[in-house]
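Student: need coordinates for the following:
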Amino acid sequence: MNGAESLLQTARAAGIDVCFANPGTTELPLVAALDAVPGIRPVLGLFEGVCTGAADGYGRMTGRPALTLLHLGPGLANGLANLHNARRAHTPVVNLVGDHTTWHRGADSPLESDIGALARSVSGWVRTSRDATSLASDLCDAVAAASRPPGQVATLVVPADHQSQAAHGPTPTPKSVAPASPGADRIDAAVQALRCGPRSALLLGGPGCRSEALESAARIAEATGCRLFVETFPARAERGAGTPRLERLPYFPEQVNEACSDVACVILAGAPDPVAMFGWAGASSALLRSDVERVALAGVNEDVSSALAAVADALNAPRKLSTLAPFEPAPPPSGRLNAEALAAAVAHILPHHAIVVDEGATSSLPLYGALASAAPHAWLTLTGGAIGQGLPCATGAAIACPDRKVLAFQADGSGLYTLQALWTQARESLDVTTVVCANRAYRILQVEMLRAGSDAGGRAARALTELAGPELDWVRLASGMGVPAVRAEDADSLVRALGRALTEPGPHLVEAILT
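Tutor: Modelled structure (predicted):
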């Protein structure tokens, strides 16, 4: 047995069953070992950002890490943007990054770089193996680190000679660590704060957006009249019929001020004290007013569900709930195709227990409200703001949950960052339907320019924010990747196209031309 085989046997014993890979010469022993170690599915991504984004989507849906296999520092660098998103989502991911043979390091060969420095920018745990016999224990430690609540990115750098040299057998992996429960003092503080009734609010994030936690939050709202908010970009939230209606914390500071104008106290349950995405002139980094009391009930690394249940029980909150969203699918839209019609079409057609990966940017603003009473679904968002997450994340989610339909709601500009994910979807016959919101612009940049008082219509501004000349053709782009695609130019044709795509197996793409 060589080092690569002992590493992969340890990974398989730890429950890892997929490896999203774009390998090179320094990873070939690991590639060969995937044939020698059955049970780990190799999935090729044509760009490293597809591999890391897919590992993020897989981890969000399973709670378990997948492997990525990346080629040296440049390969890791190509995957950093989606590892940044995974870090913000607290997703468990284990990166395997090949390195030069130990005797060749320091020769300043063309691909040599500081892999550790790159890895530390997105990883909570980084290690370079010492020798072949330590690879199994290194992998064991990486899985344990990635799986530690609330989840993180762990990166193991593996020199090529360590992969091919003789090694011992696999190492047993340690038992998983349960998240800590908040103390009674924090439960009591939350209960007292909720006495404010409608002037109090629960802000849910992380584990607080899962089914059991949401049920307790709904009980609390029923008992106290408090408002329920969800953080702007949750890693995964359960939504639709049978879940409480959550107000989404707005993106822009002035919108937060308006939405929370009468809120005196916010109880944080799995969500941090929210800050603005950018520093706008005349605004604070904090999104909540300084006079709003913050009460930390449970952090993202703690047992948010049990904390919410304890608060609900302390309030003698009812278990029979009258405020859960009913199943009221939207009627099919007709006529002009704009962002509102697009959201209504998705809400009308969405299958039960689908997974919605939302990277629609400005085009998805109406989607959140439209899906409130749609079929029950999981909702995954762009946690770290690094665009190009949607298509890879949908790919990983489909591999994690082959029995569920995945709908990728994708802005056209950001979709081009990781277009190669469509090829992986076709190769793996994944049930992913992509809706491209084609407004032919980086619309959010145009909005930001107008907010800053700049001229968004100037020649240079248009050159850098419009996606025209030549016009993008997503139907041809998808077809070239092996994904059947159609174009919809009105709401009626969009509903028909989505109906076909979501009832047929395999990947599909619908380019929605927005007006």
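Student: number of nearby residues for Lys175?
Tutor: Lys175 sits with 7 neighbouring residues when counted by other C-beta atoms under 10 Å. Where you see a C-beta, it was placed from the backbone N, CA and C, and this is true even at glycine.
Student: can you report phi and psi for it?
Tutor: Torsion angles at Lys175 (phi, psi; degrees, to the nearest 10) stand at phi -70, psi 150.
Student: just the one 5 residues further on next, same as before
Tutor: When quoted as degrees, to the nearest 10, the phi and psi of Ala180 stand at phi -70, psi 150.
Student: tell me how far the residue nearest to it when sequence neighbours are not counted lies from Lys405.
Tutor: Among residues not flanking Ala180 along the chain, Glu302 sits closest, at 5.3 Å (C-beta to C-beta, 6 or more residues apart in numbering). Going from Glu302 to Lys405 by C-beta to C-beta, to the nearest Å gives 33 Å.
Student: over to Arg236?
Tutor: Where Lys405 is concerned, Arg236 sits at a distance of 16 Å (C-beta to C-beta).
Student: thinking again about what came up before, quick one: pLDDT of the residue nearest to Ala180?
Tutor: Looking at Glu302, its pLDDT is 98.
Student: what does Gly457 give?
Tutor: For Gly457, the predicted pLDDT is 81.
Student: same thing with the one 3 residues further on?
Tutor: Per-residue confidence for Ala460 comes out at a pLDDT of 88.
Student: do Pro274 as well
Tutor: Looking at Pro274, the pLDDT reads 96.
Student: how many residues are close by it?
Tutor: Neighbours around Pro274, by other C-beta under 10 Å: 21.
Student: do Leu509 as well
Tutor: 28.
Student: now swap in Ala178 and tell me
Tutor: Considering only other C-beta under 10 Å, Ala178 is surrounded by 8 other residues.
Student: quick one: residues contacting it.
Tutor: 149, 303 (C-beta atoms under 8 Å, 6 or more residues apart in numbering).
Student: okay, buried residues for the helix-or-strand element of the chain with minimal mean pLDDT please.
Tutor: Ranked by mean pLDDT, DSSP states H and E, the weakest helix or strand in the chain is helix 443-451, scoring a mean of 85. Residues 443-446, 448-449 are the ones in helix 443-451 that count as buried (16 or more other C-beta atoms under 10 Å).
Student: and stretch 294-302, by the same measure?
Tutor: Here stretch 294-302 shows 295-302 as buried, counting by 16+ other C-beta under 10 Å.
Student: measure that stretch end to end?
Tutor: Stretch 294-302 has an end-to-end distance of 17 Å (C-alpha to C-alpha, to the nearest Å).
Student: neighbouring contacts of that stretch?
Tutor: By C-beta under 8 Å, 6+ apart, stretch 294-302 touches 90, 149-150, 179-182, 186-187, 189-190, 193, 205-208, 265-273, 288, 304, 307-308, 311.
Student: sort out which of these are buried, if you could.
Tutor: 90, 149-150, 179, 181-182, 186-187, 189-190, 193, 205-208, 265-271, 288, 304, 307-308, 311.
Student: tell me how far the residue nearest to Ser121 when sequence neighbours are not counted lies from Gly53.
Tutor: Excluding the flanking residues, the one nearest Ser121 by C-beta to C-beta, 6+ apart is Leu80, at 6.8 Å. Leu80 sits 11 Å away from Gly53 when distances are taken as C-beta to C-beta.
Student: distance of Leu268 from Thr323?
Tutor: Counting by C-beta to C-beta, the separation of Leu268 from Thr323 is 21 Å.
Student: which ones are touching Val356?
Tutor: With C-beta under 8 Å, 6+ apart, Val356 has these contacts: 346, 350, 371, 377-380, 406-407, 409.
Student: give me the low-pLDDT residue ranges for the stretch 51-200 of the chain?
Tutor: Judged against pLDDT under 70, the stretch 51-200 of the chain has no low-scoring part.
Student: wouldn't Ala397 be in contact with Leu380 here?
Tutor: Yes: contact criterion C-beta atoms under 8 Å: Ala397 and Leu380 qualify, at 6.7 Å.
Student: list the residues that contact both of those two?
Tutor: 57, 60, 355, 357.
Student: okay, and which of these map to strands?
Tutor: 355, 357 (DSSP state E).
Student: will you turn the shared contacts of Ala397 and Leu380 into CSV that also has neighbour count?
Tutor: Below are the shared contacts of Ala397 and Leu380 laid out as CSV (neighbours: other C-beta atoms under 10 Å):
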residue, neighbour count
Gly57, 36
Arg60, 26
Ile355, 26
Val357, 30
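Student: distance to Val256 added to the shared contacts of Ala397 and Leu380, as TSV?
Tutor: Below are these laid out as TSV (distance: C-beta to C-beta, whole Å):
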residue	distance to Val256
Gly57	28
Arg60	25
Ile355	28
Val357	25
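Student: any idea which of the shared contacts of Ala397 and Leu380 is closest to Leu67?
Tutor: Gly57 (14.2 Å; C-beta to C-beta).
Student: list the contacts of the closest one.
Tutor: 357, 380, 392-398, 400.
Student: follow-up on the earlier one: which one of Leu80 and Gly53 is surrounded by more residues?
Tutor: Shown here are Leu80 and Gly53; by other C-beta under 10 Å, Gly53 has more neighbours (34 against 18).
Student: ok, the more buried one touching Thr418?
Tutor: Yes: using C-beta under 8 Å, Gly53 is in contact with Thr418, at 6.2 Å.
Student: which neighbours do those two share?
Tutor: Joint contacts of Gly53 and Thr418 (C-beta under 8 Å, 6+ apart) are 82, 388-389, 391-392.
Student: make TSV from those residues and add secondary structure and neighbour count to it.
Tutor: Formatted as TSV, those follow (DSSP: H, G, I helix; E, B strand; the rest coil; neighbours: other C-beta atoms under 10 Å):
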residue	secondary structure	neighbour count
Asn82	helix	33
Gly388	coil	24
Gln389	coil	32
Leu391	helix	31
Pro392	helix	34
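Student: redo the residues you listed as JSON lines? Include distance to Gly453.
Tutor: Output for those, formatted as JSON lines (distance: C-beta to C-beta, whole Å):
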{"residue": "Asn82", "distance to Gly453": "33"}
{"residue": "Gly388", "distance to Gly453": "29"}
{"residue": "Gln389", "distance to Gly453": "30"}
{"residue": "Leu391", "distance to Gly453": "34"}
{"residue": "Pro392", "distance to Gly453": "36"}
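Student: ok, those vs Ala154, which is closest?
Tutor: In terms of C-beta to C-beta, no member of the shared contacts of Gly53 and Thr418 lies closer to Ala154 than Asn82, at 15.4 Å.
Student: close enough to count as contact, that closest one and Gly53?
Tutor: Yes: look at Asn82 against Gly53 with C-beta under 8 Å: they come within range, at 3.7 Å.
Student: give me the common contacts of these two.
Tutor: Applying C-beta under 8 Å, 6+ apart, one finds that Asn82 and Gly53 are jointly contacted by 388-389, 392-393, 418.
Student: doesn't Leu514 make contact with Glu489?
Tutor: No: assessed by C-beta under 8 Å, Glu489 is found out of contact with Leu514, at 9.6 Å.
Student: what is the mean pLDDT for stretch 9-18?
Tutor: 97.
Student: where do the helices sit along the stretch 101-250 of the chain?
Tutor: Along the stretch 101-250 of the chain, the stretches classed as helices by DSSP state H, counting those that start in this stretch are 115-120, 135-147, 160-164, 184-193, 211-224.
Student: could you export those as CSV, including distance to Glu471?
Tutor: Shown next, in CSV, are the helices of the stretch 101-250 of the chain (distance: least, C-beta to C-beta, whole Å):
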stretch, distance to Glu471
helix 115-120, 36
helix 135-147, 42
helix 160-164, 45
helix 184-193, 53
helix 211-224, 43
